[in-house]
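Q: below are the sequence and a predicted model; questions follow.
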Number of protein chains: 2
Amino acid sequence: MTTIKDIARAAGVSITTVSRALNGYSDVSEKTRKKIIELSKELNYSPNTLARGLVMNKSKTIGLLVSGFSKESIKDNFTFEVLAGINQYAAETDYDLVLFNTNSTMQREKTYTQLCRERRVDGVILQGIRTDDPYLQEVVESNIPCVLIDIPVETDNVAFVSTDNVLGAEKAVNHLIELGHRNIAMINGHDHAFVSRERLKGFKQGLGAHGIPFREEWAVNGEFTEKEAEKAALELLKKYPEITAVFCASDLMAFGAVKAVSTLGMSVPQDVSIIGYDDILLAEYFSPGLTTIAQDRQMLGFSAARLLTEMLQEESAPKHIVLETKLKIRQTTAQARNRS
Amino acid sequence: MTTIKDIARAAGVSITTVSRALNGYSDVSEKTRKKIIELSKELNYSPNTLARGLVMNKSKTIGLLVSGFSKESIKDNFTFEVLAGINQYAAETDYDLVLFNTNSTMQREKTYTQLCRERRVDGVILQGIRTDDPYLQEVVESNIPCVLIDIPVETDNVAFVSTDNVLGAEKAVNHLIELGHRNIAMINGHDHAFVSRERLKGFKQGLGAHGIPFREEWAVNGEFTEKEAEKAALELLKKYPEITAVFCASDLMAFGAVKAVSTLGMSVPQDVSIIGYDDILLAEYFSPGLTTIAQDRQMLGFSAARLLTEMLQEESAPKHIVLETKLKIRQTTAQARNRS
DNA sequence: GTGAAAGCGCTAACAC
DNA sequence: GTGTTAGCGCTTTCAC
């Protein structure tokens, strides 16, 4: 494998000159530069990034710590779309991505910091970790530049990007209220998700803005899974026949809720309106089409990557980005009717 | 950042001894080993993989060259599931994954070999490239260990994994024939996909085995997209009213075909049976549920990763793996009826 | 069982 | 403009 040494020998110059020429420094005569560039092509030279990284103490790589490689996340595709966004941005830079994985027992033995330091990644993007994940604590304590997706932590070396979950939830509630619903329940994710807390907040705000009191017992957790949400919806709808609409904090959970409604011999949206959150691909293909709050997951990843590279270049980079959401009206929401 | 030098100093030994102790060599006294291990924990040491890679001339990383980060591939999810499989296997090894991307204009300037050599990846997995992709030629010529997904090239340093596309297609055809269909059309991908050629072969074999002649004009290309397939199906069904069933080489294309049928005022499966290939998530959620040939994409990735690590360890590793497919009967296929 | 020394391929002072 | 030199953190002969 060709090294700069080989080129230096062939060109009759020192390795320093080769290095300088190849890296575009100005203090090399045009003539020697040309010769060196030519020779490097001829000899089929590729720089050794390991060696370069070793001496420069940076690797031009971004570490990815994503939790969503399970069966479940294949369904909602969240991880992949975020990944696609990150990849898309990275493609325009000279950073490569290295995929760490947190879901294996073996990797769990290594701490977040170890993972990153061993590979000498310049920065990290974290996605899909819970607020009580031990890794999170480490992030804050370590001094590795880091961008969190959907977790609002902001320090000198950590930034975050998320969507406006409060406003998003409020949009959902507003939509239901505009359709005449007053008795609205919510199926949330779990308490260790930042987005859940935010969406609950938005839910309450939406109700409050229209003078509708928030009822504690109408807001339950569905753990972000279809199954749990179905169970929760079943109980809720049985116990409180006055409920005419349910806001679910994820589309997958909304599917569960729809199933629950039909299990009870009712239909969506005639008897109960259901609105989801995410706008995953299935939402459109689901029958009936799911009304939901759309968030641009790819942009989430794209922005995260951009934010991180900015952080790596300048001190004064912005420290967080909040993206907008959009209401997608499909067939699971309709005018309120009395079902009791 | 702690280095072995620091540990050596703290332990009062040479760096050689530290290196040996940390790497589990036998010729270190238990006493010093213990001390070194302890010290390394205390000092919060992480080995520098760049330095190690530089001297050992391998990086313990696997390069991933996948083409599917586009909008379209979010729909079929193929890339992600393969990725999940690779990741799952990698999690059990000490290899990390580096994501290269081929879809950007910038990266196109770098050759396959450059990409790999710069990062000093130990091996590569390629997925989603066409048989006429210039990268493919390079793979064969380079001496970088490589596993191809769904492209049958086998040399000293390249192996492949795929599913049995011939048999898969034959299963599809058999299913249709068993339902009484004799006039069966096929909508294939494109000629530069190995899987397309194989599936066509299986299609012909299936017909032949039952004495049904293959009609050239009934086998058209749909470019693996929903839109193109819809167009193709529309033409086909209009022109040849005797066709009662269509085998599509991907689920996405099958969706297009279903749409075409309904555009023509007919219904699936009463008038025309449609069978897909892949069993993507949407196939199940699609209405009506799509009958299809299922392939285990995650296993595809998992096997590729396993094969590659085996190649990296021993010379005598097996050089290809072919996975089985499975017929999934849902609602788009039914008993043949005369529609002309 | 342990250490000295060389070197992996590269960059970056510092001279000239 | 160009070369000399040192050194990034590690592994690996080769001595002892």
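A: That came through, no problem.
Q: distance check, the residue of the stretch 51-200 of chain A at minimum distance from DNA strand C against chain B.
A: Evaluated by CB to the nearest atom of the strand, the stretch 51-200 of chain A has A:A51 as its residue closest to DNA strand C, separated by 3.4 Å. C-beta: built from backbone N, CA, C; applies to glycine. According to CB to the nearest CB, to the nearest Å, A:A51 stands 5 Å off from chain B.
Q: before we move on, what about A:G128?
A: Going from A:G128 to chain B by CB to the nearest CB gives 13 Å.
Q: go on, A:A254?
A: Taking CB to the nearest CB, one finds A:A254 at 13 Å from chain B.
Q: okay, now that residue: neighbour count?
A: For A:A254, the neighbour count with other CB atoms under 10 Å in any protein chain shown is 32.
Q: ok but it is inside a helix, no?
A: Yes. Counting by DSSP: H, G, I helix; E, B strand; the rest coil, one finds A:A254 located in a helix.
Q: mind listing the strands for the stretch 51-200 of chain A?
A: A:61-66, A:96-101, A:123-127, A:146-149, A:158-163, A:184-188 (DSSP state E, counting those that start in this stretch).
Q: export the third one as PDB, just CAs?
A: These are the backbone C-alpha positions of strand A:123-127, laid out as PDB (Å, rounded to 0.1, in the frame of the first residue of the first chain):
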ATOM      1  CA  GLY A 123     -18.600  13.700  18.300                       C
ATOM      2  CA  VAL A 124     -21.700  11.600  19.000                       C
ATOM      3  CA  ILE A 125     -25.400  11.600  18.200                       C
ATOM      4  CA  LEU A 126     -27.600   9.800  20.600                       C
ATOM      5  CA  GLN A 127     -31.100   8.700  19.700                       C
END
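Q: give me the residues contacting the helix or strand where A:E228 lies.
A: Assessed by DSSP states H and E, A:E228 sits inside helix A:226-239. For helix A:226-239, the external contacting residues (CB atoms under 8 Å, 6 or more residues apart in numbering or on different chains) are A:185, A:187, A:218, A:220-223, A:243, A:246, A:248, A:250, A:252-257, A:259-261, A:263-264, A:266, A:272.
Q: buried residues, it. List them.
A: Going by neighbour count (16 or more other CB atoms under 10 Å in any protein chain shown), the buried part of helix A:226-239 is A:226, A:228-234, A:236-237.
Q: any chance of those residues in JSON lines, plus pLDDT?
A: Listed next are those as JSON lines, based on pLDDT from 0 to 100:
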{"residue": "A:E226", "pLDDT": "94"}
{"residue": "A:E228", "pLDDT": "97"}
{"residue": "A:A229", "pLDDT": "97"}
{"residue": "A:E230", "pLDDT": "97"}
{"residue": "A:K231", "pLDDT": "97"}
{"residue": "A:A232", "pLDDT": "98"}
{"residue": "A:A233", "pLDDT": "98"}
{"residue": "A:L234", "pLDDT": "98"}
{"residue": "A:L236", "pLDDT": "97"}
{"residue": "A:L237", "pLDDT": "97"}
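Q: with distance to B:V55 as extra columns, can I get those residues in TSV?
A: Below are these laid out as TSV (distance: CB to CB, whole Å):
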residue	distance to B:V55
A:E226	51
A:E228	51
A:A229	53
A:E230	56
A:K231	57
A:A232	57
A:A233	59
A:L234	62
A:L236	62
A:L237	65
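Q: nearest to B:S70, out of those residues: which one, please.
A: A:E226 (27.4 Å; CB to CB).
Q: with adjacent residues omitted, what lies nearest to that closest one?
A: A:G256 (4.1 Å; CB to CB, 6 or more residues apart in numbering or on different chains).
Q: what sits against that neighbour?
A: Applying CB under 8 Å, 6+ apart to A:G256 gives the contacts A:187, A:222, A:225-233, A:248.
Q: ok, which stretches of the stretch 51-200 of chain A are helices?
A: A:71-76, A:78-91, A:105-108, A:112-119, A:134-141, A:165-178, A:194-209 (DSSP state H, counting those that start in this stretch).
Q: quick one: mean pLDDT for the third one?
A: This means helix A:105-108. In this model, helix A:105-108 carries a mean pLDDT of 50.
Q: now the last one
A: Confidence for helix A:194-209, expressed as mean pLDDT, is 97.
Q: and the angle from that helix to helix A:165-178?
A: Per axes from the mean of the first three to the mean of the last three CA atoms, to 10 degrees, the angle that helix A:194-209 makes with helix A:165-178 is 40 degrees.
Q: before we move on, the earlier item: any chance of the helices of the stretch 51-200 of chain A in TSV, with distance to B:E310 and mean neighbour count too?
A: Below are the helices of the stretch 51-200 of chain A laid out as TSV (distance: least, CB to CB, whole Å; neighbours: other CB atoms under 10 Å in any protein chain shown):
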stretch	distance to B:E310	mean neighbour count
helix A:71-76	26	17
helix A:78-91	27	24
helix A:105-108	19	12
helix A:112-119	23	22
helix A:134-141	31	16
helix A:165-178	45	22
helix A:194-209	41	20
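Q: if you count neighbours, what's buried in stretch A:309-328?
A: Buried-residue list, stretch A:309-328, by 16+ other CB under 10 Å: A:309-312, A:320-321, A:323, A:325, A:327-328.
Q: restricted to strands, list those.
A: A:320-321, A:323, A:325, A:327-328 (DSSP state E).
Q: of the residues you listed, which is the nearest to chain B?
A: Closest approach to chain B among those (CB to the nearest CB): A:K328, at 16.5 Å.
Q: go ahead and confirm the closest one touches A:A283.
A: Yes. With contact defined as CB atoms under 8 Å, A:K328 and A:A283 form a contacting pair (7.4 Å).
Q: anything in contact with each of these two?
A: A:T292.
Q: just send the strands of the stretch 51-200 of chain A back as a markdown table, with mean neighbour count and mean pLDDT too.
A: Shown next, in a markdown table, are those (neighbours: other CB atoms under 10 Å in any protein chain shown; pLDDT from 0 to 100):
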| stretch | mean neighbour count | mean pLDDT |
| --- | --- | --- |
| strand A:61-66 | 25 | 92 |
| strand A:96-101 | 22 | 86 |
| strand A:123-127 | 25 | 94 |
| strand A:146-149 | 26 | 95 |
| strand A:158-163 | 24 | 96 |
| strand A:184-188 | 27 | 98 |
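Q: save those as a markdown table, and put in distance to DNA strand D too.
A: Below are these laid out as a markdown table (distance: least, CB to the nearest atom of the strand, whole Å):
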| stretch | distance to DNA strand D |
| --- | --- |
| strand A:61-66 | 16 |
| strand A:96-101 | 18 |
| strand A:123-127 | 19 |
| strand A:146-149 | 21 |
| strand A:158-163 | 24 |
| strand A:184-188 | 46 |
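Q: a markdown table for these, including distance to B:A294?
A: Listed next are the strands of the stretch 51-200 of chain A as a markdown table, based on distance: least, CB to CB, whole Å:
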| stretch | distance to B:A294 |
| --- | --- |
| strand A:61-66 | 26 |
| strand A:96-101 | 26 |
| strand A:123-127 | 29 |
| strand A:146-149 | 32 |
| strand A:158-163 | 34 |
| strand A:184-188 | 31 |
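Q: nearest to A:Q114, out of the ones you listed?
A: strand A:96-101 (10.3 Å).
Q: now do that closest one: distance to the chain's middle.
A: 15 Å (CA atoms, centre = their mean, to the nearest Å).
Q: so what touches that strand?
A: Contacts for strand A:96-101 (CB under 8 Å, 6+ apart): A:60-66, A:69, A:86-87, A:90, A:107, A:115-116, A:119, A:121, B:61, B:64, B:87, B:90-91, B:96-100, B:119.
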